[in-house]
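Chemist: Below: sequence and its predicted model.
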Amino acid sequence: MANDNLPGFIQALQHTDMYPHPVGDIQLIQTHISFVLLAGDFVYKFKKPVDFGFLDFSSLEKRKSCCEQELVLNRRLCPDIYLGLVTINREEDGFALNGSGEVIDYGVQMKRMPEEKMMVNLIAEGKVGRQQIDSLVDKLVPFYQQATRNEEIDGYGRAEAVAVNVLENFEQTRGFIDGGAISRARFDTLSGWAKNFLTRDELFASRIAGGYIRDCHGDLYSANICLADNVYIYDCIEFNRRFRYCDVASDIAFLAMDLDYHGLQELSKYCIGQFCTRSGDSGLKDMLNFYKCYRAYVRGKIGLFTASDPAVDETVKKSCLEAAGKYFALAEEYTR
């Protein structure tokens, strides 16, 4: 049954005759900022016309620009996966993909990676171990070493710059307190602990001096990793550079936190140990719990945002709220 809360072109893209290639079943996946359609051997991703302040997809031109950025940035780690820009065009009989009529939206076309090799699915099946972590570390160490670093990017490692991202999360979730996912007591504990850590200017300064503030991935966790014939790390943050220009410790902490979230604490420790050894970055551990807490809180916030989107159904809403609560509880564990 059609979901009338969905844009017309998204409804249209759930019909096989919209595509110039065989598709079989079409699957729609929603996040708080995207519509993702799995269609045959390809994936089509469209940005929702939302403005959260830290992210602004509210105009056609902004969505086009972010799609173009998405292609450039993700080709750093996945050059073969990100194929190109696509258009949705208005035609006399409705909508067309890469048509000739008025362009009403832009999207990104990607090669579809094997579902059974997605890291999140491998974790669920108990198939992620040290060998898979070693492969990831092998990919990430040279990526960070080669990632852009300059004076502007260094500035995003200062305590006051990091504070913008961290404290913004608390402001954006204040209205959700006692709504089922986060209590007032937990909110106060987390915000107080984060504010206290942010006073440690010397720690942040040492990370800048060490050259560890880079143009990173920004969203490094199992939902964005495929462990197939190659290691594919995709869907980096393209919409706001202050989430991508960060301490390497913040990026790696996201992956470690995600392993913790899935009950793989020993593998999380192994991942950090291997990364620190191979990269020579022993100081990363001084920042680890702070950035793990930050990343867990971000995931909780996203769960709240997704659950409040009228376009998602009740099942998705419930699962998002449950996950958010679990993330907030994990964030508090890091403060101890």
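Modeler: Received it, and whenever you're ready, just let me know what you need. Residues are numbered from 1 along each chain as shown.

Chemist: what's near enough to touch the residue most central in space within the chain?
Modeler: Among the residues of the chain, residue 219 comes closest to the average C-alpha position under Cα atoms, centre = their mean, at 3.5 Å. Residue 219 makes contact with 235-237, 243, 254, according to Cβ atoms under 8 Å, 6 or more residues apart in numbering. Where you see a C-beta, it was placed from the backbone N, CA and C, and this is true even at glycine.

Chemist: Using the three-state scheme, assign it.
Modeler: Classification of residue 219 using DSSP: H, G, I helix; E, B strand; the rest coil returns coil.

Chemist: In three-state terms, how would residue 172 be classified?
Modeler: Three-state call for residue 172 (three-state DSSP): helix.

Chemist: Isn't it up against residue 302?
Modeler: No - applying Cβ atoms under 8 Å, one finds residue 172 not in contact with residue 302, separated by 10.3 Å.

Chemist: Can you show me the helices along this protein?
Modeler: In the chain, the helices defined using DSSP state H lie at 8-12, 60-74, 119-124, 130-146, 151-155, 159-173, 184-197, 201-209, 241-244, 248-261, 265-279, 284-307, 314-334.

Chemist: what residue ranges in the chain score low on pLDDT?
Modeler: Residue ranges of the chain with pLDDT under 70: 1-4.

Chemist: how is this protein carved up into domains?
Modeler: Each domain of the chain is listed here as a residue range: 8-112, 117-334, per automatic domain parsing.

Chemist: looking at those domains, which is buried most?
Modeler: A comparison of these by mean neighbour count, using mean count of other Cβ atoms under 10 Å, puts domain 117-334 on top with a mean of 18.

Chemist: For the closest residue in space to residue 221 that isn't next to it in sequence, give its distance to residue 131.
Modeler: Residue nearest to residue 221 in three dimensions, not counting chain neighbours: residue 258, with 3.9 Å by Cβ to Cβ, 6 or more residues apart in numbering. With distances taken as Cβ to Cβ, to the nearest Å, residue 258 is found 18 Å from residue 131.

Chemist: what's the answer for residue 148, then?
Modeler: Where residue 131 is concerned, residue 148 sits at a distance of 30 Å (Cβ to Cβ).

Chemist: How about residue 140?
Modeler: Separation of residue 140 from residue 131 (Cβ to Cβ) stands at 15 Å.

Chemist: what does residue 71 give?
Modeler: From residue 71 over to residue 131 the distance is 31 Å, taken as Cβ to Cβ.

Chemist: again with residue 276
Modeler: From residue 276 over to residue 131 (counting by Cβ to Cβ), the distance is 19 Å.

Chemist: just residue 175 next, same as before
Modeler: Spatial separation of residue 175 from residue 131 under the definition Cβ to Cβ is 44 Å.
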